[in-house]
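Peer 1: predicted structure and sequence below. I'll ask about it afterward.
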Amino acid sequence: MNPVIPGPVPVPLPAPPGLLEFLLVLTFTLHLLAMDFLLGGVIILTVSGYLGRRDSRHVELTRRVSRALPPVTAFAITLGVAPLLFLQLVYGQLFYTSSVLMAWYWLAVVFLVLLGYYGVYWYHLQHDVLGPKGPGVILVAAVLFSLVAFIFTQNSAAMLHPQDFYSRFMNGQVGKIFGPVPLLNLARLAHFVVAAVALAGLGIALLSSRWRTDSPELADWARRYGVTWFMGATLVQFLVGLWFLFSLPAEVRQALVGEKLAMGLLIFGILAALLALLTAPMSLGAASVAVLGTVCAMAVLRHLVRLAYLRPYFDPHSLPVQGQWVVFSIFVALLLAGLATVGWMLYAFYRPAANRSRVSV
Amino acid sequence: MNYPVWEPFILGGGLVIGIIATLHVFISHFAVGGGLFLALTERKAYRDHNSALLEYVKFHSKFFVLVTLVLGAVSGVGVWWGISLVNPEATATLIHVFVWGWAIEWVFFIVEIAAAFIYYYGWDRLDAKTHLRVGWIYFGAAWASLLVINGILTFMLTPGRWLQTQTFASAFFNPGMLPSLVVRTAVCITLAGVYALITSCAVRDVSLRVAVVPYAAKWLLLGALVIPFAGIWYISTLPPMAREISMGGAPAVTMLAGFSIFFSALVMVFTYFGALQRPRQFNLAFALLIAVLALFTTAVTEWVREGVRKPYVIYGYMYSNGLRLADVERVRGEGVLKSARWVRHHNLDPQDLQSAGQEIYRVQCASCHTVDGYNSIRLAVKGWSWAMIDYQLDHLSSLKGFMPAFVGTDAERQALGAWLASLNPPPASISIEPEAAALDIRSRDAIGKGAPQP
């Protein structure tokens, strides 16, 4: 039986699917970096909060890292908007269907993010007041964001199985139908969460370099601490990654193995991760570049996995296109201007203290 | 018809969107107007060498960040989530038409958020000139994001030439875009005043509070004075039927339009006599009362704005149940059950009219109605016979102009009528022979012949 997939919108795509998919993967990668630091960050802070309750270094570390979490949360959300926009544009027929089938869970994401976000703010603003209760607050935030990750992986996996849409619709109540392949989703979730912890570990190590001026000892310790998290999680990731790879359906795995680009990306991603492991204790810069390579490779690979899943059922390149090039050019120009503006503000914010005077009347 | 239909029990899809959207509108307009308030008030503090006022602006900026960056941003995502679950067909259409508009808005969001954080964390790091400049950047980006989303929102009610040209420019620069932008900008200024009234009550220094409370009240009143004039301009661009709906065509919409004016007037009166005339007596409870009234105004006004768009979700292009006008004739010929992808029965079973009727209800009616909750269909047809229901369904668009016509075959309409009639079984003591006989149809012939005809 042919899968039931909603018909396409009778309005042409405003750009070729290739360009839209490029933007989808690019913006998803940016979202991934912020999201990883957030999710991994709250997990590490939870562990730090409980294990290091009597260790002043842990207390200071959680205080300082918590300051970064609200902006990171804001950017994790905002950077997530763009890939979801392009996803809905190209794959809306699949994405809306899978979302509607699990509507209650999908809508819950909004409230979970909201609560987690306020949790992060509460933890940051009341860090010293909360004292021993602080780890509890950040634990709740960690649980909330992990639930968000779980629901996202469920929906991302569900949209790749259009052949199951109708039977799921027939066997459940619209809005309450949760993901199709639990084991696969668990591997997928573990893959994302472990990556988040690794990246956040590296992020904390990078962040600690800014503390060198006022607390060199703390900075040294935090660097080692962050690198330990990074290395530990990356080693675990090799196992989890294998689990994920072998939990993919055989035909999808074979399609990937048979594709040079996919294999090249997989090997590149693994080698870059190994390089990051080797260089992290010595050079955070080198490790960061290597990790960025892994993240980019895996984001593209993820897209190839999606295409492999959907090949029998859906081809975005069959959709009609009528480019809106004028407004696209305005978007590109504004993006460049926007990035320049943000760059200027960051420069003003981080330039050496000697070059700025404080706000006063 | 194209997508599965989610029925969020007593709430209904419309109310799910409405609740999230009201909250979002109430905060997001503050996010724009509040940015202008911060920049201008900070500048005033520098010009007047008023360090106490500057301290107030610092405090207000913390409140501002906590409200707008968290609740404002997440509720905005929530609106998107809501519309894509309740009306995926319309959402998909909007994204196809406006994806680059949304991408541009996303750029403004990035700038807006970066500026908000740097503004907030920058009080102790930036010099006055740079800090103020960051404040202006924030406001510029926030207002630009309003400019974009306003064009998309007004497109849904006044798509204008897009119906013929299908171009981005004609969709964005639609007839309602400019007047609505003026209305919304005025609302932003008003809400900046509403929120500033709340934070002004936290000022401990009495002389400063007595200065800040009327200052905030002036923001509120200035914006509120512009809204009626810009509103009339906006209403003049609406399609005639939308105007009629708000002025008596649909009693509920007309009543809420009246409430909108009433609550707005209360906000202005309370602000004038409470905050502007008696700043010493003005307190947090009073400020919160004004804020709640302003929230009510937002809620009913947004409800009216949505209400006058009926029976469409994109005016003249797509009905509120997701059916395109271009597809009406095809669906009428094929039938709803054959056209809809997400139904359990694609053929009408004369032995089980009510199941088919319920499926047809889901596909055609459930985007606006619930069975027992918001806009309850059970209450709507209470006391109606099947014959009455069938007549109404057959003349839906002429009897109730704010509802889409029933689109389907005669047999499907009668099946829907049978299910609707079954929602309110008549009491046993009342003679129900004509209806009972009609409902008891058990043969295909009877579907055509036995159902009540107008």
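Peer 2: Structure received. Numbers count the residues shown, from 1 in each chain, chains lettered A, B, ... in the order given.

Peer 1: looking at stretch B:378-398 now, give me its mean pLDDT.
Peer 2: What stretch B:378-398 shows for mean pLDDT is 91.

Peer 1: where are the low-confidence patches of the stretch 301-450 of chain B?
Peer 2: For the stretch 301-450 of chain B, the stretches with pLDDT under 70 are B:427-450.

Peer 1: chain A contacts on that one?
Peer 2: B:324, B:326, B:341-342, B:344 (C-beta under 8 Å from any C-beta of the partner chain). Every C-beta, even on glycine, is put in place using the N, C-alpha and C of the backbone.

Peer 1: show me how to select, in ChimeraX, the buried members of the residues you listed.
Peer 2: To isolate in ChimeraX the members of these that are buried, counting by 16 or more other C-beta atoms under 10 Å in any protein chain shown, one can use:
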select /B:324,341,342
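
Peer 1: residues contacting A:Arg147?
Peer 2: Slight slip there: residue A:147 is Leu, not Arg. Contacts for A:Leu147 (C-beta atoms under 8 Å, 6 or more residues apart in numbering or on different chains) come out as A:108, A:112.

Peer 1: that one should be in a helix, yeah?
Peer 2: Yes - with DSSP: H, G, I helix; E, B strand; the rest coil as the criterion, A:Leu147 is assigned to a helix.

Peer 1: out of the residues of the stretch 301-450 of chain B next to chain A, who's nearest B:Gly34?
Peer 2: Using C-beta to C-beta, B:Arg324 comes nearest to B:Gly34 of these, at 39.6 Å.

Peer 1: thinking again about what came up before, need the max-distance pair from the residues of the stretch 301-450 of chain B next to chain A.
Peer 2: Farthest apart among these - using C-beta to C-beta - are B:Ala326 and B:Arg344, which lie 26.7 Å from each other.

Peer 1: what residues of the helix or strand that contains A:Gly41 count as buried?
Peer 2: Applying DSSP states H and E as the criterion places A:Gly41 in helix A:17-51. By 16+ other C-beta under 10 Å, the buried positions in helix A:17-51 come out as A:17, A:20-21, A:23-49.

Peer 1: which among those are in contact with chain B?
Peer 2: Within the buried residues of helix A:17-51, those near chain B by C-beta under 8 Å from any C-beta are A:Leu23.

Peer 1: burial of B:Gln166, as a residue count?
Peer 2: For B:Gln166, the neighbour count with other C-beta atoms under 10 Å in any protein chain shown is 15.

Peer 1: dihedrals phi and psi, it?
Peer 2: phi 60, psi 30 (degrees, to the nearest 10).

Peer 1: test my guess that it contacts A:Val9.
Peer 2: No - counting by C-beta atoms under 8 Å, A:Val9 is not a contact partner of B:Gln166; they are 11.8 Å apart.

Peer 1: OK, contacts around the residue nearest to A:Thr78 when sequence neighbours are not counted?
Peer 2: Leaving aside its chain neighbours, A:Thr78 sits nearest to B:Phe109 (5.2 Å; criterion: C-beta to C-beta, 6 or more residues apart in numbering or on different chains). Applying C-beta under 8 Å, 6+ apart, we find B:Phe109 in contact with A:78, A:81, B:73, B:141, B:145.

Peer 1: before we move on, what about B:Ser246?
Peer 2: B:235, B:253-254, B:257, B:304, B:307-308.

Peer 1: SS state for it?
Peer 2: Assignment for B:Ser246 (three-state DSSP): helix.

Peer 1: measure it to B:Ser236 for me?
Peer 2: Here B:Ser246 is placed at a distance of 13 Å from B:Ser236 (C-beta to C-beta, to the nearest Å).

Peer 1: what do you get for B:Val187?
Peer 2: With C-beta to C-beta as the criterion, B:Val187 and B:Ser236 are 18 Å apart.

Peer 1: one step back: helices or strands up against the helix holding A:Gly41?
Peer 2: Secondary-structure packing of helix A:17-51 (3 or more C-beta pairs under 8 Å, 6 or more residues apart in numbering or on different chains; DSSP states H and E): helix A:56-101, helix A:103-125, helix A:134-158, helix A:182-208, helix A:216-247, helix A:284-310.

Peer 1: give the contact list for B:Val206.
Peer 2: B:Arg280.

Peer 1: now the residue in the stretch 201-350 of chain B that chain A sits nearest to: which helix or strand?
Peer 2: Residue of the stretch 201-350 of chain B nearest chain A, by C-beta to the nearest C-beta: B:Arg341 (5.3 Å). Assessed by DSSP H and E, B:Arg341 sits outside every helix and strand.

Peer 1: excluding residues flanking it in the chain, which one is nearest it?
Peer 2: Using C-beta to C-beta, 6+ apart, the nearest residue to B:Arg341 is A:Val4, at 5.3 Å.

Peer 1: helix/strand/coil for that neighbour?
Peer 2: coil.

Peer 1: hang on, the earlier thing: ok, B:Val187 and B:Ser236, which is more surrounded?
Peer 2: A count of neighbours by other C-beta under 10 Å puts B:Val187 above the other of B:Val187 and B:Ser236, at 27 against 11.

Peer 1: just confirm that one contacts B:Ala230, I think it does.
Peer 2: No - counting by C-beta under 8 Å, B:Val187 does not reach B:Ala230; the two are 9.3 Å apart.

Peer 1: residue in the stretch 151-300 of chain B nearest to chain A?
Peer 2: Here the residue of the stretch 151-300 of chain B nearest chain A is B:Phe168; by C-beta to the nearest C-beta that distance is 4.9 Å.

Peer 1: OK, contacts around that residue?
Peer 2: Contacts of B:Phe168 (C-beta under 8 Å, 6+ apart): A:14, A:324, A:326-327, B:97-98, B:100-101.

Peer 1: let's go with 10 Å and repeat that
Peer 2: Counting by C-beta atoms under 10 Å, 6 or more residues apart in numbering or on different chains, B:Phe168 touches A:14, A:324, A:326-328, A:330, B:97-101, B:151, B:162.

Peer 1: number of residues surrounding the residue in chain B that chain A sits nearest to?
Peer 2: The nearest approach of chain B to chain A comes at B:Pro88, 3.7 Å away (C-beta to the nearest C-beta). Residue neighbour count, defined by other C-beta under 10 Å, stands at 26 for B:Pro88.

Peer 1: touching, it and B:Gly82? I think so.
Peer 2: No - the criterion here is C-beta atoms under 10 Å, and B:Pro88 misses it with B:Gly82 at 11.1 Å.

Peer 1: ok, and the closest non-adjacent residue to residue 139?
Peer 2: Answering for chain A, as no chain was given. A:Thr46 (4.7 Å).

Peer 1: ah, I was thinking of chain B
Peer 2: Closest residue to B:Phe139 apart from its sequence neighbours, by C-beta to C-beta, 6+ apart: B:Gly35 at 3.6 Å.

Peer 1: pull the longest helix from chain B.
Peer 2: helix B:12-47 (DSSP state H).

Peer 1: the following helix or strand past that one near chain A at all?
Peer 2: Of the helices and strands lying after helix B:12-47 in sequence (DSSP H and E), the nearest is helix B:51-64. Yes - between helix B:51-64 and chain A, judged by C-beta under 10 Å from any C-beta of the partner chain, the touching residues are B:51-55, B:57-58, B:62.

Peer 1: could you dump the residues you listed to TSV with pLDDT?
Peer 2: Shown next, in TSV, are those (pLDDT from 0 to 100):
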residue	pLDDT
B:Ser51	93
B:Ala52	93
B:Leu53	95
B:Leu54	95
B:Glu55	94
B:Val57	97
B:Lys58	96
B:Lys62	94
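
Peer 1: which pair of those residues spans the longest distance?
Peer 2: Largest separation among the residues of helix B:51-64 next to chain A by C-beta to C-beta: B:Ser51 and B:Lys62, giving 17.3 Å.

Peer 1: for residue 132, give me its contacts.
Peer 2: You didn't say which chain, so I picked chain A. Counting by C-beta under 10 Å, 6+ apart, A:Pro132 touches A:49-50, A:53-54.

Peer 1: let's do chain B instead
Peer 2: Residues in contact with B:Leu132 (C-beta under 10 Å, 6+ apart) are A:359, B:38-40, B:42-43, B:45-46, B:119, B:126.
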